[in-house]
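S.K.: mind folding the following:
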Amino acid sequence: MNITLGRTRLFLRLSHPLPLLGGALLYGLGSAIASYLGRPFDVGIYLLGQSLVTILQLAAHYSFEYHEPQLEVEGSRSNPYLGVSKALAPGGLSPQTALNATIICLVIAATLVSIMLVGGQIPLVAWLILLLIFLGYFFYSTPPVRLIASGYGELALSLVIAGLIPTFSFTLQTGELHRLMLMSTTPLVALHFAMMISFELPEYARNVKLEKRTLMIRLGWATAMRIHDLAIFFAIASFLVAFINGLPRRVALGALIALPLAVIQVWHMERIRRGFPARLRNLTIAALGLFGLTIYLELIGYLLS
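M.R.: Residues are numbered from 1 along each chain as shown. All right, here's what the predicted structure looks like:
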């Protein structure tokens, strides 16, 4: 019984539930924007699309851990948002478990896609966005493309998670694109990008040792830190521009509530850049908190508008 319970816990870690929750909130944001615009809400389509997004996320998580086995044995710390669960470390689950889980998820995804095709209610634009989501997730860690080793993986993943997932949900409900989607997701993409950089900082020395060509390795830690700050400032500026151009007031107010966390995150990064003792845990918590809180406040803002 203890062995079974232990393996269940390891598999749960392998699945990375925290990013799944983030994906659910982002997917909900897209449909909330559609409802704000007065479009009819189709519960069946919503649940089908949410299931498909979650299954693709799971497939991406399992595939990443299968194709990055060195992360499990080289002293890297567990990180739920970088795909490092340590569940495949010696004494844990086997890599074959991750591969089998990936295949099962892809089969389930194909089944859900078939159901959507038979229903014939999914607009073309939603199919195109779904294809981009799949390609972004699949080639993030899968050879031969491996975006994670290209220096562009952080930006590509940010576009998929913070940009395309809510847009997919929106197009499922409306069959079209809208400027509110761009205004709402642009800051989130920037914040997710900054979060990815902050999560890579504690792993910088290990990534150098493993010759992993992440964005921070390619640009250098100092340049990557500046880009991190620029991404946060860009997110703030894009919220301001969006508000001027019609972003609902309650959504903009949510961004204002999250602003102190943005200041704290930049402050933490500046301290590290100046050589003060690195409080990397505080930095990563602030980054995750800023991204998650901003999603939540946007979602609530649209639901209450």
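S.K.: can you point out the buried residues in whichever strand or helix holds residue 46?
M.R.: Element membership for residue 46 (DSSP states H and E) is helix 43-67. Buried residues in helix 43-67, counted by 16 or more other Cβ atoms under 10 Å: 45-46, 48-50, 52-67. The way it works is simple: take the backbone N, C-alpha and C, and place the C-beta from them, glycine included.
S.K.: can you check stretch 233-251 too?
M.R.: 234-236, 238-239, 242-243, 247-248, 250-251.
S.K.: what's the average pLDDT for it?
M.R.: Confidence for stretch 233-251, expressed as mean pLDDT, is 95.
S.K.: now do that stretch: distance to the chain's middle.
M.R.: 21 Å (Cα atoms, centre = their mean, to the nearest Å).
S.K.: what's the answer for stretch 26-44, then?
M.R.: 20 Å.
S.K.: what do you get for stretch 5-22?
M.R.: 16 Å.
S.K.: buried residues in it, which are they?
M.R.: Quick answer for stretch 5-22 (16+ other Cβ under 10 Å): 10-11, 13-16, 19-20, 22.
S.K.: following the lowest-mean-pLDDT helix or strand in the chain, which helix or strand comes up?
M.R.: Scoring the helices and strands of the chain by mean pLDDT, DSSP states H and E places helix 204-210 at the bottom, with a mean of 71. Per DSSP H and E, the first helix or strand lying C-terminal to helix 204-210 is helix 215-219.
S.K.: quick check: buried residues in that next one?
M.R.: 215-217.
S.K.: what pLDDT does residue 114 get?
M.R.: 94.
S.K.: quick one, helices of the protein?
M.R.: 2-15, 17-36, 43-67, 95-119, 124-141, 153-158, 165-174, 179-200, 204-210, 215-219, 221-244, 249-273, 280-304 (DSSP state H).
S.K.: and the fifth one, how far from the chain's centre?
M.R.: For helix 124-141, the distance between its averaged C-alpha position and the chain's averaged C-alpha position is 14 Å (Cα atoms, centre = their mean).
S.K.: ditto for the shortest one
M.R.: On the basis of Cα atoms, centre = their mean, helix 215-219 sits 20 Å off its chain's mean C-alpha point.
S.K.: ok, back up a step: least confident of the helices of the chain, on average?
M.R.: helix 204-210 (a mean of 71).
S.K.: helices or strands up against it?
M.R.: Packing partners of helix 204-210 (3 or more Cβ pairs under 8 Å, 6 or more residues apart in numbering; DSSP states H and E): helix 215-219.
S.K.: now with 10 Å, please.
M.R.: helix 215-219, helix 221-244 (3 or more Cβ pairs under 10 Å, 6 or more residues apart in numbering; DSSP states H and E).
S.K.: export those to a markdown table and tack on distance to residue 160?
M.R.: Formatted as a markdown table, these follow (distance: least, Cβ to Cβ, whole Å):
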| stretch | distance to residue 160 |
| --- | --- |
| helix 215-219 | 16 |
| helix 221-244 | 16 |
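S.K.: please identify which of these is closest to residue 162.
M.R.: helix 221-244 (10.2 Å; Cβ to Cβ).
S.K.: run the angle between the closest one and helix 249-273 for me.
M.R.: 170 degrees (axes from the mean of the first three to the mean of the last three Cα atoms, to 10 degrees).
S.K.: now helix 221-244 - C-alpha only, CSV.
M.R.: Written as CSV, here are the backbone C-alpha positions of helix 221-244 (Å, rounded to 0.1, in the frame of the first residue of the first chain):
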residue,chain,number,x,y,z
TRP,A,221,22.8,36.3,-16.9
ALA,A,222,23.2,40.1,-16.8
THR,A,223,21.5,40.7,-20.1
ALA,A,224,18.8,38.2,-19.3
MET,A,225,18.1,40.0,-16.0
ARG,A,226,17.6,43.3,-17.9
ILE,A,227,15.3,41.6,-20.3
HIS,A,228,13.3,40.3,-17.3
ASP,A,229,12.9,43.9,-16.0
LEU,A,230,12.0,45.1,-19.5
ALA,A,231,9.3,42.4,-19.8
ILE,A,232,7.7,43.5,-16.6
PHE,A,233,7.8,47.2,-17.6
PHE,A,234,6.3,46.2,-21.0
ALA,A,235,3.5,44.4,-19.2
ILE,A,236,2.7,47.5,-17.2
ALA,A,237,2.8,49.7,-20.2
SER,A,238,0.6,47.4,-22.3
PHE,A,239,-2.0,47.4,-19.5
LEU,A,240,-2.0,51.2,-19.6
VAL,A,241,-2.3,51.3,-23.4
ALA,A,242,-5.1,48.7,-23.2
PHE,A,243,-7.0,50.7,-20.7
ILE,A,244,-6.8,53.8,-22.8
